[in-house]
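Student: Okay, sequence plus prediction incoming.
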Amino acid sequence: MTPLKKVGVSCRHLSLSYGPVQVLKDIDLDIQPGEFFALLGPSGSGKSTLLRAIAGFNRHQGGQLLIDGRDVGGVPPHQRNVGMVFQNYALWPHMTVWDNVAFGLVERKVSRAEIKRRVQEVLEMVGLAQYAKRRPSMLSGGQQQRVALARTVVVEPQVLLLDEPLSNLDKNLRVQMREELKSLQRRLGITTIFVTHDQEEAMTTADRMAVLDKGVLQQVGTATTLFDFPANTFVAGFVGTAN
Ligand code: ADP
Ligand code: MG
């Protein structure tokens, strides 16, 4: 893959409501270029909403959202250079692994030779080259997750957004996959925002993380900072408890 330009993502007083209900409240956050960043919080705290706002699927009403210093308010998802992997993978069941991964490149009218080269490269990267002709239903959950990742990174987004990407996998596989994810992220150097409600997952993989509760950012920092110097009792309780 071509070396990516590493970009930062920033929220400035970001707020977002669904109808009368405010779900994100005055979020201020700076994610550094190339960082592996986790958004951590209990169910319903607004993690997916924030991720979807960054992707452009949710419109924020207040504040600013900056990607690589550019205010992307009003910029549609396909012009933001972000790639998102959803919790349920959303692979095309009737297409082979190869076609699932190639899809975004075909849509972008990339040449046939280039598609072949890039699909092969990412399938090798996620260890799935030998499964190219299979359909998703013939793969294990972990393999389907790798296809979803391959399909997202093949179009070379500048920001990778992962919404609870491992939550459908069993515990052992989850631990293995988070190592894989981390090593893929390191190799690509792509700015990655990873949503999880599992504090252990965040603390073992992320460079830094943000803890959300009820749409309010409670604290941002490294695992060590959050664990040793929690900003409040919520953070102390949340990062201190086993899942
Ligand atoms: P998390 O991902 O942390 O579990 P979400 O961002 O999905 O949280 O949801 C945050 C809050 O917003 C929840 O109270 C949820 O019920 C509400 N919510 C999420 N999506 C919608 C929607 N499309 N319309 C109305 N309310 C929503
Ligand atoms: Mg969610």
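Tutor: That came in fine, so what should we check first? Ligands and ions are numbered 1, 2, ... in the order given.
Student: Identify the residues contacting Gly142.
Tutor: Contact analysis of Gly142 by Cβ atoms under 8 Å, 6 or more residues apart in numbering lists 169, 173, 176-177. The way it works is simple: take the backbone N, C-alpha and C, and place the C-beta from them, glycine included.
Student: again with Leu128
Tutor: Taking Cβ under 8 Å, 6+ apart as the test, what Leu128 contacts is 97, 143, 146-147, 150.
Student: From ligand 1, how far off is it?
Tutor: Look at Leu128 and ligand 1: by Cβ to the nearest ligand atom, to the nearest Å, they are 28 Å apart.
Student: Asn88 too?
Tutor: According to Cβ to the nearest ligand atom, Asn88 stands 13 Å off from ligand 1.
Student: Check that residue and give its pLDDT.
Tutor: Looking at Asn88, its pLDDT reads 77.
Student: Repeat that for His78.
Tutor: Here the pLDDT value assigned to His78 is 88.
Student: I'd like to know how far it sits from ligand 1.
Tutor: Distance, His78 to ligand 1, by Cβ to the nearest ligand atom: 21 Å.
Student: what's that residue sitting at in phi/psi?
Tutor: Dihedral angles of His78 (phi, psi; degrees, to the nearest 10) stand at phi -70, psi -10.
Student: what's around it, how many residues?
Tutor: For His78, the tally of surrounding residues (other Cβ atoms under 10 Å) stands at 12.
Student: Contact residues of this protein facing ligand 1?
Tutor: The chain comes close to ligand 1 at residues 18, 23, 41, 43-49, as judged by Cβ under 6 Å from any ligand atom.
Student: if we go to 5 Å?
Tutor: 18, 23, 43-49 (Cβ under 5 Å from any ligand atom).
Student: Which of these ranks first by neighbour count?
Tutor: Using other Cβ under 10 Å as the neighbour criterion, Lys47 leads the residues of the chain next to ligand 1 with 25 neighbours.
Student: In contact with that residue, which residues are there?
Tutor: Here Lys47 is in contact with 39-41, 163, 195-197, 212 (Cβ under 8 Å, 6+ apart).
Student: And for Leu4?
Tutor: By Cβ under 8 Å, 6+ apart, the contact set of Leu4 is 156, 158, 188-190.
Student: Which ones among these lie within strands?
Tutor: Among those, no member is found in strands (DSSP state E).
Student: just the buried members of these?
Tutor: 156, 158, 188, 190 (16 or more other Cβ atoms under 10 Å).
Student: Give me the lowest-pLDDT entry from those.
Tutor: Lowest in pLDDT among the buried ones among the contacts of Leu4 is Leu188, which has 89.
Student: That one against Ala150, yeah?
Tutor: No. At 11.6 Å, Leu188 does not count as touching Ala150 under the criterion of Cβ atoms under 8 Å.
Student: The spatially most distant residue from the centre of the chain: what secondary structure?
Tutor: Here the centre of the chain is the reference, and by Cα atoms, centre = their mean the most remote residue is Ala113, at 28.7 Å. The three-state label given to Ala113 by DSSP: H, G, I helix; E, B strand; the rest coil is helix.
Student: and if you look at Thr192?
Tutor: Secondary structure state of Thr192, per three-state DSSP, is strand.
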